[in-house]
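Undergrad: sequence below, structure please.
(one chain, ligands or ions: 3)
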Amino acid sequence: MNSVLYFDYIALPLYVVLLYSTFARRMTKGRSSRLFILVLLISVTATVCDIGMESVIRNPAFGDIRVPLAKIFAYGYFLFHNGTGFLYYLFIYSITNTWYVLRKKANTLLISIPFAVFLVALVLNPFTGNCFTITEDMGYQRGPHMVVFYATASLYVIFGLAHLIYCKRFLSVTKWLSLFSMYVFTYGAVMFQLFNPHLLVELVASAISLLLIELVVLRPDEVIDSVVGLMSWNAYQDTLRKIMITKQAVQILVIKFTNAREVRTYLGEERYVKYIRLIADKAIALGTLEKVHLELFFEHPGSLYLIIDEHDFDSQKAIPLLVSAVEKYTQDLKGTGAKLDPKVCCIKFPDGLNKQREIIHLGHHFAELMPHDQVFIDALDINKTKEFQIINNMNDILTRAIKNEAFEVYYQPIYSIWDHKFISAEALLRLNDDRYGQISPSAFIPEAERRGLILPIGDFVLDAVHKFASQNELEKLGLSYIEINLSVAQCLEKELPNKLTALRNKYKVSPNKVNLEITETAENIGNVMDDNLKALSEQGYTFSLDDYGVGYSNIQRVSKLPLKIVKIDKSLVDNMNTPSGKSIMNNTVRMMKDIKKELVIEGVETQEDYEALRKMGCDFIQGFYFSKPLPAQQFIEFLKKNNFQSEEYRLNESQA
Ligand code: C2E
Ligand code: MG
Ligand code: MG
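TA: Ligands and ions are numbered 1, 2, ... in the order given. I've put the predicted structure just below:
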């Protein structure tokens, strides 16, 4: 056996293992992965040809077919080996998200020229023998035009290197070095082999480099969502970043399933994933049908992001097809009755949208900002709305608000049906921004929670309410206590009892003047919360459960918490105009009464609802029917006017 083949014998299993691990790690999604697999397949074939050629060329056992067989292997080797260089060059374009350059036909043509020249030389070789010859007596011999093979291969090395250097800022150093290693290794090997033609080290050198790329660059944990097996949200962000830098014109279709969470709960994880994958397959097939290249990404719980290379793709035409795919697969999951509800937003980049943050916020929030009966919306229609501008600039708004102390606490009176007067109030935070005016807490509280700013904001509310209570004798106004919303982060803060003790001492407000509202999501998160509730209960604070009826309300959990009051969410009130809605409210009230909870009904807007709730036996009513949340001074005026019948108040007033 010829000793020079040892290197190929190492390369062959290396390529096979690489192929196996690429599939085993499910690195098959997206253009880069597919190109990488192609590079591996072609490299394996080139290695097989190289081994084949060297094995038969001097082996008399092959008899007459020795030379023709060696020639087939030789042509195969050169074709596939030079093809690898070309494909790797394309892979560089794909992995750096600069594929858009190749969308211009002139560019594709230009970069294909060296490969075409090589092909011409290869095709002419059987007639001229100028590149190489294989004869019975001499074996494999290089000809004068062999330089064409090397020159064209070298051009791809030069092109690739130049492009890689240009794209340095898109990649981390480790990834960049791994991609770069291919050129260092293989070019080194080519040079080495030029002077040592009997040592076939080229293929093993590129195999080692591809191993490095597989380990460092193609990381499924970074780009593949482990649950659904599609490209992940992280990969989307990374791709978006590269698109921003290169300013390539693309179209992004965001398909958001607004009821994804519910459908997932209903179908179970496995069937839900199948459902999502079927829709994703349909979207990809649609791209193929429309002859556009698209990359598809998934974000939990149910958003698909389609980055389409074609900026002017008529997406509106494609939407009905996608929506019908959702319908079709709903039928496939027959018997379940669950159907994902899609909303689609088309973002054209750069067209007026040029910030990554803006595009990400659009994807997250467009569905809540578009008309309910509409499925499709152009991002520009969302982008210009004030609501979106607020969401998009929330970071600046919150920073400004904290700096300028732009928060203010409003109070919404709560009416006691038994006492015929306003007996308490809920403290509700307002943010007055210089640029956008008053901003709803539903917009800024979740954002403040995400950014870890909720604790200082919550502290401000606690302080403001205590101060208000100490400055205005609540009893004289007819008020027994004020309800304060606590966010989950506050409930989980070890310092909470100490903070309240400090405020109590500072403002001389007794704990029974303060009722703390917690939400259902805040239940059962570790011991700190339980410890806090226990400590605060012992100090004399009472608790309300806010927003009962939203999400997965659980009466058993309610009965276990140290709650004085349960607040029924507005959505249950809104449903009361249907017989079933009324019955739900009735049963909820009865259940709560059975477990001895006092009931506040939120969001009562009409006399009709008020009357119905009074008859059901509710204790307290909070809603626009009585009053919207009011600034402190107006709230006091409101109480003076409306609680005037209160004897205590009248007495105090006359003494004053
Ligand atoms: P929530 O605690 O459930 O507060 C009740 C919300 O319902 C308030 O909205 C109130 O203005 C609104 N509301 C009351 N009656 C009616 C009605 O009849 N019709 C309608 N359409 N709405 C009514 P707001 O003030 O916008 O607050 C929204 C949410 O923001 C609050 O819901 C609460 O979860 C949160 N929030 C407000 N202030 C604070 C705070 O100081 N701290 C924390 N952590 N969250 C707060
Ligand atoms: Mg509340
Ligand atoms: Mg509520």
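
Undergrad: which strands or helices does the strand or helix carrying residue 638 pack on?
TA: Per DSSP states H and E: residue 638 is located in helix 632-642. Here helix 632-642 touches strand 407-416, strand 421-433, helix 474-477, going by 3 or more Cβ pairs under 8 Å, 6 or more residues apart in numbering; DSSP states H and E. Every residue, glycine included, has its C-beta placed from N, CA and C.

Undergrad: so which of those comes closest to residue 300?
TA: Among these, strand 421-433 comes nearest to residue 300, with 29.4 Å by Cβ to Cβ.

Undergrad: since we're on residue 364, how many residues are nearby?
TA: Applying other Cβ atoms under 10 Å, we find 14 residues neighbouring residue 364.

Undergrad: which residue, neighbours along the chain excluded, lies closest to the one residue in the stretch 151-300 of the chain that gets nearest to ligand 2?
TA: Nearest residue of the stretch 151-300 of the chain to ligand 2 (Cβ to the ion) works out as residue 261 at 22.3 Å. Of all residues not flanking residue 261 in the chain, residue 301 sits nearest, at 4.8 Å (Cβ to Cβ, 6 or more residues apart in numbering).

Undergrad: in which helix or strand would I find the one you found?
TA: Applying DSSP H and E, one finds residue 301 in no helix or strand.

Undergrad: isn't it right next to residue 262, touching?
TA: No. The pair residue 301 and residue 262 does not pass the contact test of Cβ atoms under 8 Å, sitting 9.3 Å apart.

Undergrad: number of nearby residues for the residue nearest to residue 261?
TA: By other Cβ under 10 Å, the residues close to residue 301 number 16.

Undergrad: what's near enough to touch it?
TA: Contacts for residue 301 (Cβ atoms under 8 Å, 6 or more residues apart in numbering) come out as 257, 260-261, 264.

Undergrad: quick revisit: how about the helix holding residue 638: buried residues?
TA: Neighbour counts over helix 632-642 (16 or more other Cβ atoms under 10 Å) mark 632, 635-636, 638-639, 642 as buried.

Undergrad: would you mind putting those into TSV with pLDDT and distance to ligand 1 alongside?
TA: Shown next, in TSV, are the buried residues of helix 632-642 (pLDDT from 0 to 100; distance: Cβ to the nearest ligand atom, whole Å):
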residue	pLDDT	distance to ligand 1
632	96	14
635	96	13
636	95	18
638	95	14
639	95	17
642	91	16
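
Undergrad: same list (the residues you listed) but as CSV, adding distance to ligand 3.
TA: Output for these, formatted as CSV (distance: Cβ to the ion, whole Å):
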residue, distance to ligand 3
632, 21
635, 18
636, 23
638, 20
639, 21
642, 22
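
Undergrad: so for the helix or strand hosting residue 588, mean pLDDT?
TA: Using DSSP H and E, residue 588 maps to helix 579-594. On average, the pLDDT along helix 579-594 is 92.

Undergrad: what packs against that helix?
TA: Helix 579-594 packs on strand 565-568, helix 570-574, strand 598-602, helix 607-616, going by 3+ Cβ pairs under 8 Å, 6+ apart.

Undergrad: got those as TSV, with distance to residue 494 columns?
TA: Converted to TSV, the helices and strands packed on helix 579-594 look like this (distance: least, Cβ to Cβ, whole Å):
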stretch	distance to residue 494
strand 565-568	25
helix 570-574	33
strand 598-602	29
helix 607-616	39
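
Undergrad: TSV for those, including distance to ligand 3?
TA: Output for the helices and strands packed on helix 579-594, formatted as TSV (distance: least, Cβ to the ion, whole Å):
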stretch	distance to ligand 3
strand 565-568	5
helix 570-574	7
strand 598-602	5
helix 607-616	15
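
Undergrad: closest to residue 512 out of the ones you listed?
TA: In terms of Cβ to Cβ, the element of the helices and strands packed on helix 579-594 nearest to residue 512 is strand 565-568, at 13.1 Å.

Undergrad: list the helices and strands the closest one packs on?
TA: For strand 565-568, the packing partners by 3+ Cβ pairs under 8 Å, 6+ apart come out as strand 542-548, helix 579-594, strand 598-602.

Undergrad: could you dump the longest one to CSV, C-alpha only?
TA: Which is helix 579-594. What follows is helix 579-594, C-alpha atoms only, in CSV (Å, rounded to 0.1, in the frame of the first residue of the first chain):
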residue,chain,number,x,y,z
PRO,A,579,-76.5,34.7,30.9
SER,A,580,-73.4,32.6,31.3
GLY,A,581,-71.3,35.6,32.3
LYS,A,582,-73.8,36.6,34.9
SER,A,583,-74.0,33.0,36.2
ILE,A,584,-70.1,32.9,36.5
MET,A,585,-70.2,36.1,38.5
ASN,A,586,-72.9,34.8,40.7
ASN,A,587,-71.1,31.6,41.5
THR,A,588,-67.8,33.4,42.0
VAL,A,589,-69.4,35.8,44.5
ARG,A,590,-71.0,32.8,46.3
MET,A,591,-67.8,30.8,46.5
MET,A,592,-65.9,33.8,47.9
LYS,A,593,-68.6,34.4,50.5
ASP,A,594,-68.4,30.7,51.4
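
Undergrad: ok, and what's touching that helix?
TA: 548-549, 555, 558, 566, 568, 572-576, 599, 612-613, 616-618.

Undergrad: just the buried ones from those?
TA: If you count burial by 16+ other Cβ under 10 Å, the buried members of the contacts of helix 579-594 come out as 548-549, 558, 566, 568, 572-573, 576, 599, 612-613, 616, 618.

Undergrad: save the residues you listed as a markdown table, and put in pLDDT and distance to ligand 1 too.
TA: Compiled in a markdown table, these are given as follows (pLDDT from 0 to 100; distance: Cβ to the nearest ligand atom, whole Å):
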| residue | pLDDT | distance to ligand 1 |
| --- | --- | --- |
| 548 | 91 | 10 |
| 549 | 86 | 11 |
| 558 | 83 | 16 |
| 566 | 95 | 12 |
| 568 | 95 | 10 |
| 572 | 93 | 12 |
| 573 | 95 | 8 |
| 576 | 92 | 13 |
| 599 | 95 | 14 |
| 612 | 95 | 15 |
| 613 | 95 | 12 |
| 616 | 94 | 17 |
| 618 | 94 | 14 |
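
Undergrad: which stretches of the protein have low pLDDT?
TA: Within the chain, the stretches with pLDDT under 70 are 1-4, 138, 326, 328-337, 521-526, 551-552, 644-656.

Undergrad: up against ligand 1, what does it have?
TA: Residues of the chain found near ligand 1 (Cβ under 6 Å from any ligand atom) are 412, 428-429, 440-442, 445, 458, 461, 485, 487, 546-547, 570, 602-605, 622-624, 629.

Undergrad: which among those end up buried?
TA: Buried members of the residues of the chain next to ligand 1, scored by 16+ other Cβ under 10 Å, are 412, 428-429, 441, 445, 458, 461, 485, 487, 546-547, 570, 602-604, 622-623, 629.

Undergrad: measure how buried residue 511 is and give me the count.
TA: Look at residue 511: counted by other Cβ under 10 Å, it has 18 neighbours.

Undergrad: so what's it up against?
TA: 500, 504, 536, 539-541.

Undergrad: who touches stretch 611-618?
TA: Contacts for stretch 611-618 (Cβ under 8 Å, 6+ apart): 417, 573, 576, 582, 585-586, 589, 593, 599-601, 604, 621.

Undergrad: circling back: how near is the residue nearest to residue 261 to ligand 2?
TA: 25 Å (Cβ to the ion, to the nearest Å).
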